[in-house]
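J.: Have a look at this fold, sequence not included:
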């Protein structure tokens with residue numbers, strides 16, 4: 001859209017000067033597709049989707065725009081960019097923020113908007129600022145560390161897109177941001193750790209397709225993201241740890257086939273994902289622990305035959321998977337810990353007996369096998385028959 005002069009509401013054309021302000025909640029001008037409503041002098045607020053913009057011969061850059069941030073709303077040019085290492089923040093009304101970070105500059109603007117300048121690592125910069133509502137604008141071009149940056153900002157609802165191209169560490173960056181529902185597509189091409197990046201983001205419903213090509217640690221990345229229903233196919237080719245990655249993502253229904261060629265620890269990856277009904281055949285050829293991998297996945301009805309040839313700890317892998325109907329014959333040749341692997345998998349119809357016979361007779365049987373098959377298959381006829389043939393010290 002290169003030019004506009006009028007806009008149309010309900011079939012009626014209105015001149016541009018009938019527009020009072022853009023309802024921009026953050027500083028600076030906003031592109032049309034980011035504005036939730038228009039303010040009409042005569043009619044009040046109107047939803048953006050009720051407006052049709054007509055293209056005419058007037059350059060868009062010749063039209064005065066309105067902005068909010070740094071001064072009262074008024075016509076004018078685009079606001080000046082923020083100084084380096086500066087972030088513009090909006091807090092709850094009447095709140096004067098304080099920060100425990102040593103040297104730094106905090107400037108009161110207006111409407112509870114503050115500019116914070118801190119020329120150092122931004123790790124822990126806004127830790128536990130529970131009155132922070134929005135991140136409006138940021139000049140973070142030279143920042144390399146954002147670990148724990150917004151951790152504990154439980155009222156944060158909006159984060160503007162900013163340049164994060166030099167950032168390498170985003171560990172726990174948004175951990176505990178319980179009100180955050182969406183996140184912009186930051187440039188994460190240099191990030192190596194996203195450990196717990198969105199942990200305890202209870203309201204987060206979607207995640208963009210971040211560039212994670214250099215990430216090696218995704219442990220706890222989405223832990224307790226209880227509103228997340230799906231995730232994109234992130235590049236996980238260099239990841240070695242996915243421990244607790246989706247633990248307690250209770251609304252997650254499906255998972256893409258991630259590249260797990262280099263993953264060593266996948267323990268509790270999907271623990272308590274109550275809505276997960278199936279799992280992809282992940283490459284687990286280098287995994288040494290699948291402890292609690294699907295613990296509490298009460299809707300999981302089947303499991304693929306994962307490569308467990310290097311797994312030593314398989315304990316609790318399917319504990320409380322109450323919808324599971326069959327058990328594959330996993331390779332247990334290196335397994336030493338098998339405790340409660342199929343504990344309370346009531347509806348298993350087959351597979352438990354064969355798994356017991358293999359594990360118990362291998363050259364080095366698992367030394368930890370307490371309650372491995374407790375109640376496994378007890379609600380089905382064939383499962384109960386198999387369970388009866390397994391010795392008590394395994395169940």
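T.: Nice, I can see it. Keep in mind it's a predicted model, so treat the numbers as computed, not measured.

J.: Confirm that residue 116 sits in a helix.
T.: No - assessed with DSSP: H, G, I helix; E, B strand; the rest coil, residue 116 is strand; it does not lie in a helix.

J.: wouldn't it be in contact with residue 105 here?
T.: Yes - Residue 116 is in contact with residue 105 according to Cβ atoms under 8 Å; the separation is 7.3 Å. The way it works is simple: take the backbone N, C-alpha and C, and place the C-beta from them, glycine included.

J.: Show me which of those two is the more surrounded one.
T.: Set residue 116 next to residue 105 and count neighbours by other Cβ atoms under 10 Å: residue 116 wins out with 21 against 12.

J.: Name all residues that make contact with that one.
T.: Counting by Cβ atoms under 8 Å, 6 or more residues apart in numbering, residue 116 touches 86-89, 99, 104-107, 125.

J.: what two of these are the furthest from one another?
T.: Greatest spacing in these, by Cβ to Cβ: 107 and 125 (15.5 Å).

J.: So between these two, which is more surrounded?
T.: Using other Cβ under 10 Å, the more surrounded residue of residue 107 and residue 125 is residue 125, with 23 against 12.

J.: for the more buried one, phi and psi?
T.: When read as degrees, to the nearest 10, the backbone of residue 125 gives phi -60, psi -40.

J.: which one is it nearest to, not counting chain neighbours?
T.: residue 149 (5.1 Å; Cβ to Cβ, 6 or more residues apart in numbering).

J.: cool, and residue 376?
T.: Per Cβ to Cβ, 6+ apart, closest to residue 376 is residue 342, 4.2 Å.

J.: Strands of the chain, residue ranges please.
T.: Ranges of strands within the chain are 6-9, 12-15, 19-22, 37-40, 44-47, 51-54, 65-67, 74-76, 86-91, 105-108, 113-117, 132-139, 158-159, based on DSSP state E.

J.: looking at these, which has the lowest confidence?
T.: Lowest mean pLDDT of those: strand 65-67, a mean of 32.

J.: Between the contacts of residue 116, which sits nearest residue 205?
T.: Distances from residue 205 to these, taken by Cβ to Cβ, are shortest for residue 89, at 23.5 Å.

J.: doesn't residue 173 make contact with the residue nearest to residue 125?
T.: Yes - contact criterion Cβ under 8 Å: residue 149 and residue 173 qualify, at 5.1 Å.
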